[in-house]
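J.: model this:
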Amino acid sequence: KKLRFVHVAGTNGKGSTAAMLASCLQAAGYRVGLYTSPFINRFNERIQVNGEQIPDDALVRLVERVRPAADAMADVPTEFEIITALGMLWFAEEKCDIVVLEVGLGGTLDSTNVIDPPECAVITALGMDHVKELGPTIADIAAAKAGIIKPNCTAIIGPQPHEEAVMPILAEAAERNHAMLVRDGYEMTASDRMAAVGGQVATLTTPNGTYEGVPIAKFGEHQAHNALAALAASEVVIPVNGPLDGDLVAEALSSVKIPGRIEQIRTSPTIILDGGHNVNAAEALRKAIEESYDFKQLVGVVAMMRDKQVEEYLGVLEPILSSVVVTENSWRERVMPADELEKIAVDVFGRDRVIKEANLPDAIQTAVNMVDAEDELGVGYGHGVLICGSFVTAGDARLMLEEHASPTMRQAMAVHQPAVDPDDSDQPADKAEDEAADNLEDSVSPDDFDVFDVLGLGKEQASDAGNAGTGTASADTDTDDSADAR
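T.: The predicted structure follows:
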């Protein structure tokens with residue numbers, strides 16, 4: 001009740017939009033809470049204030065505070081409900097001026113939708129995902145997402161691949177709630193995009209004005225539209241007449257960090273991580289790589305969950321991958337076995353372009369070796385590795401590359417000079433709306449692990465905060481089977 005919110009929902013793009021919005025508001029001097037999912041490497045990533053993750057000791061203390069209430073409830077709360085309560089308590093303790101609150105799943109019945117009307121509701125691109133929980137049609141999904149549009153708020157709507165089916169539903173919800181509607185392609189636009197080193201620049205036009213040459217530290221057309229939505233939401237929160245300060249906007253959008261979303265983690269050789277797992281995410285990934293890089297050889301390292309559209313996902317990426325190394329990530333209960341993934345990959349790529357390495361570290365090493373073998377000049381230019389297929393895969397790889405790379409892999413990386421930099425030519429990028437917004441993983445896995453187990457509480461080690469919140473994304477990501485959609 002004491003907090004102000006911006007509520008962010010969507011199938012694809014909501015996590016990136018939330019992070020960009022938080023960055024804009026923080027640059028403007030606000031104390032900003034950010035609640036997101038999934039995490040990539042540490043559970044604590046999900047609850048942040050001004051970019052700082054909740055400390056382990058605070059997380060344990062709040063769990064100890066919440067647990068008696070949770071245990072006393074006849075209707076046992078879900079994991080996501082408990083985590084949401086932890087976030088709210090932390091944001092209140094930290095006296096946040098504004099909280100950017102990302103929906104877990106859907107909207108209407110999501111645990112985050114207990115808040116009073118937010119300053120604004122942001123709905124990013126909607127697609128066919130979570131039909132088991134939200135309904136079998138895009139109209140059902142749109143109706144669920146529209147539940148975050150509350151009385152007298154501003155409703156900011158990102159580009160919609162299924163606009164004819166989706167927009168009437170969102171517009172009706174806005175009208176019913178007397179909410180102002182700001183739509184991508186109508187009241188706000190992203191134009192004049194150009195690829196640049198480290199991301200892109202674009203002109204962003206909002207109801208308050210035009211921002212020319214805005215640097216955005218992420219690749220892909222979809223990220224320009226995410227930045228646009230974040231900027232429009234910032235204008236709602238920050239009480240100014242006319243556009244925001246251009247230097248503030250440039251600082252915020254050029255410095256935002258969003259792990260696991262078309263993230264270039266190495267330049268020697270170029271190594272890109274992406275956690276997307278559906279066809280829309282693959283389309284966004286492919287388009288961003290084609291636009292921003294000039295690879296002569298790109299080796300894929302792929303591990304996916306068995307319940308995803310594996311063949312379709314691989315089919316989208318096939319034209320940009322020279323070869324693919326299929327492997328497994330750390331979520332043994334859900335990951336597709338490498339043998340099964342290999343069979344599908346062979347059907348898509350052909351036998352001679354597929355290698356199987358069941359161990360992810362071995363798969364990454366194999367890909368790096370392949371890149372090194374083809375790099376006749378030894379400078380890395382035009383050669384890269386793409387690790388993708390799941391946020392669990394991206395999280396596992398990120399930890400390995402940052403903290404646990406083998407001596408052989410470190411040596412292989414060290415022999416290269418900086419590799420493929422994004423194209424900084426003056427040619428404008430394609431301005432067509434990208435149906436594939438970045439897959440911000442509306443599949444959060446809120447119920448697939450025990451938060452008390454993760455924090456070492458409720459059993460023998462209730463007082464042990466030493467390892468609270470650490471681990472890979474495999475504890476909490478890339479699932480949609482039991483998300484909080486009651």
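
J.: now do the contacts for residue 96.
T.: Under the criterion of CB atoms under 8 Å, 6 or more residues apart in numbering, the neighbours of residue 96 are 3, 31, 32, 33, 49. C-beta here means a position set from N, CA and C on the backbone, and glycine is covered the same way.

J.: cool, residue 324 as well?
T.: By CB under 8 Å, 6+ apart, residue 324 lies in contact with 299, 300, 301, 302, 314, 345, 349, 353, 354, 355.

J.: mind checking how far the fourth one is from residue 190?
T.: So the one you mean is residue 302. Look at residue 302 and residue 190: by CB to CB, to the nearest Å, they are 30 Å apart.

J.: over to the second one?
T.: Taking CB to CB as the criterion, residue 300 is separated from residue 190 by 29 Å.

J.: neighbours around residue 133, how many?
T.: Other residues lying near residue 133 total 21 when counted by other CB atoms under 10 Å.

J.: mind listing what's buried along the host helix or strand of it?
T.: Using DSSP states H and E, residue 133 maps to helix 131-134. Applying a neighbour-count criterion of 16 or more other CB atoms under 10 Å, the buried positions in helix 131-134 are 133, 134.

J.: most neighbours among the contacts of residue 96, which one is it?
T.: Busiest of the contacts of residue 96 [other CB under 10 Å] is residue 33, holding 28 neighbours.

J.: before we move on, back to that, of the contacts of residue 96, which belong to strands?
T.: If you go by DSSP state E, these have 32, 33, 49 in strands.

J.: send me stretch 177-187 as PDB with only the CA atoms.
T.: In PDB, the C-alpha atoms belonging to stretch 177-187 read as follows (Å, rounded to 0.1, in the frame of the first residue of the first chain):
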ATOM      1  CA  ASN A 177     -10.800   1.500 -16.900                       C
ATOM      2  CA  HIS A 178     -10.500   5.000 -18.300                       C
ATOM      3  CA  ALA A 179      -6.900   4.400 -19.000                       C
ATOM      4  CA  MET A 180      -4.900   6.400 -21.500                       C
ATOM      5  CA  LEU A 181      -3.700   4.200 -24.300                       C
ATOM      6  CA  VAL A 182      -0.200   4.600 -25.800                       C
ATOM      7  CA  ARG A 183       0.500   2.100 -28.600                       C
ATOM      8  CA  ASP A 184       3.700   1.300 -30.500                       C
ATOM      9  CA  GLY A 185       3.400   2.400 -34.100                       C
ATOM     10  CA  TYR A 186       0.700   4.900 -33.300                       C
ATOM     11  CA  GLU A 187       1.200   7.200 -30.300                       C
END
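
J.: residues in contact with the closest residue in space to residue 361 that isn't next to it in sequence?
T.: In space, and not counting its chain neighbours, residue 361 is closest to residue 400: 5.7 Å by CB to CB, 6 or more residues apart in numbering. Taking CB under 8 Å, 6+ apart, we find residue 400 in contact with 360, 361, 364.

J.: so where's the stretch 351-486 of the chain shaky on pLDDT?
T.: Low-confidence segments of the stretch 351-486 of the chain, defined by pLDDT under 70: 376-380, 403-486.

J.: can we see that at 80?
T.: Within the stretch 351-486 of the chain, the set of residues satisfying pLDDT under 80 comprises 375-381, 402-486.

J.: got the phi/psi numbers for the nearest residue to residue 128 once chain neighbours are set aside?
T.: Nearest non-adjacent residue to residue 128, counting by CB to CB, 6+ apart: residue 138, 6.1 Å away. Per-residue torsions, residue 138: phi -70, psi -30 (degrees, to the nearest 10).

J.: residue 138 contacts residue 166, correct?
T.: Yes: under the criterion of CB atoms under 8 Å, residue 138 makes contact with residue 166 at 6.3 Å.

J.: okay, and the common contacts of the two?
T.: Counting by CB under 8 Å, 6+ apart, the contacts common to residue 138 and residue 166 are residue 126.

J.: assumed residue 156 was part of a helix.
T.: No: read with DSSP: H, G, I helix; E, B strand; the rest coil, residue 156 is strand and lies in no helix.

J.: does it touch residue 232 like I think?
T.: Yes: assessed by CB under 8 Å, residue 156 is found in contact with residue 232 at 5.0 Å.

J.: so which of the two has more stuff around it?
T.: Taking other CB under 10 Å, residue 156 and residue 232 do not tie; residue 156 has more neighbours (32 against 26).

J.: low-confidence stretches in this structure?
T.: Residues of the chain meeting the criterion pLDDT under 80: 1, 128-132, 268, 375-381, 402-486.

J.: mind jotting down where the helices sit in the stretch 101-250 of the chain?
T.: Taking DSSP state H, counting those that start in this stretch to define them, one finds helices in the stretch 101-250 of the chain at 131-134, 138-145, 163-176, 221-237, 246-255.

J.: now the second one, how far from the centre of its chain.
T.: Helix 138-145 has its C-alpha centroid displaced from the chain centroid by 20 Å (CA atoms, centre = their mean, to the nearest Å).

J.: alpha carbons of that helix, in CSV - could you do that?
T.: Written as CSV, here are the backbone C-alpha positions of helix 138-145 (Å, rounded to 0.1, in the frame of the first residue of the first chain):
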residue,chain,number,x,y,z
ILE,A,138,-4.3,-15.5,-28.6
ALA,A,139,-7.5,-13.7,-27.5
ASP,A,140,-7.4,-15.7,-24.3
ILE,A,141,-3.8,-14.7,-23.7
ALA,A,142,-4.5,-11.0,-24.5
ALA,A,143,-7.4,-11.1,-22.0
ALA,A,144,-5.2,-12.5,-19.3
LYS,A,145,-2.5,-9.8,-19.9
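
J.: tilt between that helix and helix 163-176?
T.: Counting by axes from the mean of the first three to the mean of the last three CA atoms, to 10 degrees, helix 138-145 lies at 30 degrees to helix 163-176.

J.: now do the buried residues in helix 138-145.
T.: Residues of helix 138-145 classed as buried: 138, 140, 141, 142, 143, 144, 145 (neighbour count, 16+ other CB under 10 Å).
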